[in-house]
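1. Sharing a model that was predicted from the sequence below.
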Amino acid sequence: MSSIDEQVQRIRSMVLPSGVLHGDPFQVLIKTILSHRTRDETTDTAASRLFERFPGPRELKNAPLEEVETLVRPTGFYSVKAARIIEVARIIDEDLGGVVPRTKEGLMRLPGVGPKTANCVRVFAYGDDAIPVDTHVHRIANRLGWVHTTSPEATESALEAVLPRHLWVPINELLVTFGKQVCRPVRPRCESCLLADTCPHGSAHSHVREGGIVKRHFENQ
DNA sequence: ATCCCGAGGG
DNA sequence: CCCTCTGGAT
């Protein structure tokens, strides 16, 4: 019927990813740590101000904690984030010769770097093939029935098995944009979704019959 | 399972 | 006022 490739093509016709996260590995890394549970516009402005003051690991590792906290405050979790990025800067400068790790294991040894952040650096800084699984990718891959998983990490390995390799890199930005505009966490816009006919989440078995009329219901309304 | 936590939208 | 936002560590 409808292959994953065909479904992705339809998603492409619905949304236009912005794709602003590229460049120097250190800045991609720090920016991604700051982006945790934070809107990306907020992350962007905070990161710009931070790098204006402390451009690289050498400068950031000696930065006063309180000043860094003030700079990253708008992103929330400012206390943990400030401590994390200063420590990350120190490790990279002193232990790793100024080089941001390129492997998932190496990246995940850094404080504040989990699977999603590690893969963001591999993809957006080094151009390697990886699938950063955030809440959008996890939610949508399950809604579409591509995977049946309960954790983002399980989703990552499951997706590696079913997603054609050429989609690994683009799938994150694509589903994130799709997830914000159409397939939202709450009250998804199934009426204007081109996948509604084949989507298990919005079709047959999630329907409930009411007075002969088929009505959609979702877990969060 | 809980905590970290500001900012913006409904 | 209540909710969520491209998580990670305990």
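-> Thanks, I have it.

2. Can you give me the pLDDT of the most centrally placed residue in chain A?
-> For chain A, the residue nearest the mean C-alpha position is A:Asp134 (4.1 Å; CA atoms, centre = their mean). Model confidence at A:Asp134, given as pLDDT, is 95.

3. do the same with A:Pro200
-> For A:Pro200, the model assigns a pLDDT of 86.

4. Residues of chain A that sit close to DNA strand C?
-> A:21, A:35-40, A:76-77, A:80, A:108, A:110-118, A:120, A:132, A:134-136, A:152, A:172-173, A:176, A:180, A:184-186, A:220 (CB under 7 Å from any atom of the strand). Using the backbone N, CA and C atoms, a C-beta is placed for each residue, glycine as well.

5. So how do I select the buried members of the residues you listed in PyMOL?
-> What follows is the PyMOL syntax for the buried subset of the residues of chain A next to DNA strand C, where burial is set by 16 or more other CB atoms under 10 Å:
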select buried, chain A and resi 21+35+36+38+40+76+77+110+112+113+115+116+117+118+120+132+134+136+152+172+173+176
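
6. Could you list which of the residues of chain A next to DNA strand C belong to helices?
-> Cross-referencing the residues of chain A next to DNA strand C with the helices (criterion: DSSP state H) gives A:40, A:80, A:108, A:115-118, A:120, A:135-136, A:152, A:172-173, A:176, A:180 as the overlap.

7. before we move on, back to that, which residues sit in contact with the residue nearest to the centre of chain A?
-> By CB atoms under 8 Å, 6 or more residues apart in numbering, the contact set of A:Asp134 is A:116, A:152, A:172, A:176.

8. Now do the strands in chain A.
-> Assigned by DSSP state E, chain A shows strands spanning A:207-210, A:213-216.

9. Find the nearest non-adjacent residue to the residue of chain A found nearest DNA strand C, please.
-> Each residue of chain A has a distance to DNA strand C, by CB to the nearest atom of the strand, and the smallest belongs to A:Gly114, at 2.5 Å. The shortest distance from A:Gly114 to any residue that is not its chain neighbour, by CB to CB, 6 or more residues apart in numbering, is 6.6 Å, and that residue is A:Met108.

10. so the one you found makes contact with A:Lys116?
-> No: proximity of A:Met108 to A:Lys116 does not meet the contact threshold set by CB atoms under 8 Å, at 10.3 Å.
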